[in-house]
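>>> structure of the sequence below:
(2 chains)
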There are 2 protein chains.
Amino acid sequence: MIRVEVDLAERSYPIFIGTGLLRDATVIARAVKSKQVLLVTNDRVDPLYGPTLETALADRRLHKVVLPDGEAHKTLDSLYLIMTALLEARFDRSCTVVALGGGVVGDVAGFAAACYQRGVNFVQIPTTLLAQVDSAVGGKTAVNHPLGKNMIGAFHQPSAVIADLDTLHTLPPREFTAGLAEVIKYGLIRDREFFDWLESNLDKLLARDIAALSHAIRRSCENKAAVVGADEHESGERALLNLGHTFGHAIEHAQGYGNWLHGEAVGAGICMAARLSTRLGTIAPTTRDRIIRLVAKTGLPTEPPSTNSPESLLDAMSVDKKNRDGRIRLVLLDAIGHASLRDDYDPEALRAVLSPGADPLAA
Amino acid sequence: MIRVEVDLAERSYPIFIGTGLLRDATVIARAVKSKQVLLVTNDRVDPLYGPTLETALADRRLHKVVLPDGEAHKTLDSLYLIMTALLEARFDRSCTVVALGGGVVGDVAGFAAACYQRGVNFVQIPTTLLAQVDSAVGGKTAVNHPLGKNMIGAFHQPSAVIADLDTLHTLPPREFTAGLAEVIKYGLIRDREFFDWLESNLDKLLARDIAALSHAIRRSCENKAAVVGADEHESGERALLNLGHTFGHAIEHAQGYGNWLHGEAVGAGICMAARLSTRLGTIAPTTRDRIIRLVAKTGLPTEPPSTNSPESLLDAMSVDKKNRDGRIRLVLLDAIGHASLRDDYDPEALRAVLSPGADPLAA
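Below you'll find the predicted structure:
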């Protein structure tokens, strides 16, 4: 088992990464310390891993909420369901909410833990690659509003994260691939060596080789922990974790959530950010193409969908948490391994990369 | 104008107390610093003070949400309405939510400010005595759940509080009286001198004499600021601010919200806490009677309602944020000016004070 620390003074917490962790009562006991435990999961994950975790928590006062699977259920209605379960169980402030599932379950359950009685303990047990490398770490919780993704939420750090690699075996290929978009992101924004490693080891990752997965998840968590430790509330560096996300959120929003997966939209968004960076002159066309080739090799989309007009995407981008005084601020690349938050791009260049077919790869 | 500081390091903020503040553009500009401003108020306060404040904010991008008046609207639905208004206005993280109204408006608007994009600026302009002396100060925000009051919420400090005494002139007598319950509370839990002053000056307060009001609001805010500054997240001393509230919440909950006012329920709750303290032997019967007489003189109820059984109140008390491991923890009095959080009382003594007519006043 690997242990990565997220260093946030009195709110520091461990990320446990390894195999067989869900059925390891010692690990579960180190992470979940309350007598009162509400397990929040979804109807796809619950039959696969619910019983294993419930066995490890058999000595607690355990209640369970099973949400329907999918981004469409990342809503205030789901929050209300969880609140009702906590109140019906008569849980007090000493309880722990445990999220077992992907990013949606973690975000909703985390927001519920942030709000219940103004804040209770929270443990993340991510079961998707995307959640293990990104959304389960760092304390961002939220639900969606029909007018914008993640617009209602809180910063609420978990007290532990358990990433059991075994859960990735049951992940559908499309969801596995979606998680790789966030892995590539870490290489691009702050870890050139990791980007090189990804280029060399992508085949092993796609084959879900345990050693390769273990390294990729560890490096991703280490990078995320370093960024979050330096800037918990996104006043600066943390915004760089949004590489590809402003584009990606706009794609998800314009299409309606649940069409492309979040990671797929981020994959295309990373390529769009790379194209805009080249048009701004900060990375060479060959660097841009190298990035797009790695994204393509994972199986992720590299172009925005043709079903949405540039106008509809621009409109969706104008509602973004990084924006200030009406300017769309974007994370752009200065090099592989270095990014910055900018609003000094040419608006026409932005428009251009919002359509499919801009800047085709050199033969 | 009096200025009281709430000292919370980088989240410190001023409370401005005085007359004519709402139409004082300088004071409003010191408190509200954003270009983007969402004013949240209710349909009773808006016609009285909305236009004055809107004039003082005429140079901003101002949007407004008018909620229906009343505790019944302190819900996730109202939160959703505010979120929709913020998103339709396309406000970003630099915006400010301004609450103009009583405790309900402040609690809902504050929770919206806590959650919108994971936290934006918040300014409280309380227009009831209860909000000016208590709920607008200290950063507790929340909405109710049908199974419990204030169960969904956040700690989110305002960046300023403006208590304009002029707004108290239009306050209905019943609401004014309700606010006095919280004023008396400060004397009881930590300020014996203030309690003595209240006994001597209650007639002036009830006549809404500006000098008396100004002193009572100032002392209340100074006491609250001291408690919140020492224990922002209620890990210790802050719980003492709940004197009378566990009883009060149970009354409100058992009756259905909107029957007794919060302050009325707290008034009765303070008397119930005094009776239980005497039964526990920590305050003399004469002290208990002195407290009950002051509460009675304000016009607040001093007995629980006869419409609810002790069982129904006990049941409601079992869902309280101070409870741990199923024990009901209560704020009880050791003397006038000193309180403590206890669960070592005789359960039969608690039962006894839940019925009207326990421990009648000596003739």
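
>>> so what's residue A:225 up against?
Contacts for residue A:225 (CB atoms under 8 Å, 6 or more residues apart in numbering or on different chains) come out as A:4-7, A:15, A:137. For every residue, glycine as well, the C-beta is placed using N, CA and C.

>>> most neighbours, which of those?
Comparing the contacts of residue A:225 by number of neighbours (other CB atoms under 10 Å in any protein chain shown), residue A:137 comes first, having 28 neighbours.

>>> for it, give me phi and psi.
Main-chain torsions, residue A:137, degrees, to the nearest 10: phi -110, psi 130.

>>> isn't it up against residue A:13?
No - Residue A:137 is beyond contact range of residue A:13, at 9.2 Å (criterion: CB atoms under 8 Å).

>>> can you list residues touching both of these two?
When contacts are counted by CB under 8 Å, 6+ apart, residue A:137 and residue A:13 have A:6, A:161 as shared neighbours.

>>> where in chain A is pLDDT low?
Confidence mapping of chain A against pLDDT under 70 gives the ranges A:257-258, A:325.

>>> buried set for the host helix or strand of residue A:107?
Assigned by DSSP states H and E, residue A:107 belongs to helix A:103-115. Using 16 or more other CB atoms under 10 Å in any protein chain shown as the burial criterion, the residues of helix A:103-115 that qualify are A:103-115.

>>> quick one: is the helix or strand in which residue A:84 is found near chain B?
According to DSSP H and E, residue A:84 maps onto helix A:76-88. Yes - Helix A:76-88 is in contact with chain B by CB under 8 Å from any CB of the partner chain, via A:76, A:79-80, A:83-84, A:87-88.

>>> in the stretch 101-250 of chain A, what residue comes closest to chain B?
For the stretch 101-250 of chain A and chain B, the shortest gap (CB to the nearest CB) falls at residue A:147, measuring 3.9 Å.

>>> tell me if I'm right that that residue and residue A:319 touch.
Yes - Residue A:147 lies in contact with residue A:319 (CB under 8 Å); the separation is 6.8 Å.

>>> these two: which is more packed in?
Between residue A:147 and residue A:319, counted using other CB under 10 Å, the more crowded position is residue A:319 (22 against 15).

>>> between helix A:103-115 and the helix holding residue A:84, find me the angle.
Interaxial angle of helix A:76-88 relative to helix A:103-115 (axes from the mean of the first three to the mean of the last three CA atoms, to 10 degrees): 50 degrees.

>>> next, the buried residues of the very next helix or strand once past helix A:76-88.
Scanning forward in sequence from helix A:76-88 by DSSP H and E, the next helix or strand is strand A:96-101. Residues A:96-101 are the ones in strand A:96-101 that count as buried (16+ other CB under 10 Å).

>>> show me what strand A:96-101 is packed against.
Judged by 3 or more CB pairs under 8 Å, 6 or more residues apart in numbering or on different chains; DSSP states H and E, strand A:96-101 is in contact with strand A:36-42, helix A:45-56, helix A:103-115, strand A:121-126.

>>> okay if I get those as a markdown table plus distance to residue B:312?
Output for the helices and strands packed on strand A:96-101, formatted as a markdown table (distance: least, CB to CB, whole Å):
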| stretch | distance to residue B:312 |
| --- | --- |
| strand A:36-42 | 24 |
| helix A:45-56 | 34 |
| helix A:103-115 | 27 |
| strand A:121-126 | 31 |
